[in-house]
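Q: Any chance you can model this:
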Amino acid sequence: MMKHQIELYSGLLEASQHAAASMGDPEKADRYVQETFTQIRNRLLSAQAQEHHQAADGREDDMASDKIVNLLDKIADLANKKPS
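A: From the prediction side, this is the model:
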């Protein structure tokens, strides 16, 4: 499931970067990519909260938190790359 989320959100962020590159206004483009990143982050944090409430074992909860942090790091790395 986590691999699917990484691919999905990475693809969404990359698509937003390409769309932003065609806007012609760097400020609007930056805002658009930032809003996309914020939406992705909020969804991941929401998913983390749901997993927290569903976790019966503390280790499972820690693992879910680590996965969310790793996913956010990967998305942030993509956000820092310029679209090609």
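Q: can you give me the helices for the chain?
A: Applying DSSP state H to the chain gives helices spanning 2-21, 26-54, 58-80.
Q: As JSON lines, these with mean neighbour count and mean pLDDT would be great.
A: Any C-beta I mention is one placed from the backbone N, CA and C, and that applies to glycine too. Converted to JSON lines, the helices of the chain look like this (neighbours: other Cβ atoms under 10 Å; pLDDT from 0 to 100):
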{"stretch": "helix 2-21", "mean neighbour count": "15", "mean pLDDT": "84"}
{"stretch": "helix 26-54", "mean neighbour count": "14", "mean pLDDT": "82"}
{"stretch": "helix 58-80", "mean neighbour count": "14", "mean pLDDT": "66"}
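Q: measure Ser22 to Ser16 for me?
A: Distance of Ser22 to Ser16, given as Cβ to Cβ, to the nearest Å: 11 Å.
Q: nope, Asp73 is what I was after
A: The gap separating Asp73 from Ser16 is 18 Å, by Cβ to Cβ.
Q: now do Asp77
A: For Asp77, the distance to Ser16 - Cβ to Cβ - is 15 Å.
Q: again, but for Leu72
A: 16 Å.
Q: Asn42 now?
A: In terms of Cβ to Cβ, Asn42 sits 15 Å off from Ser16.
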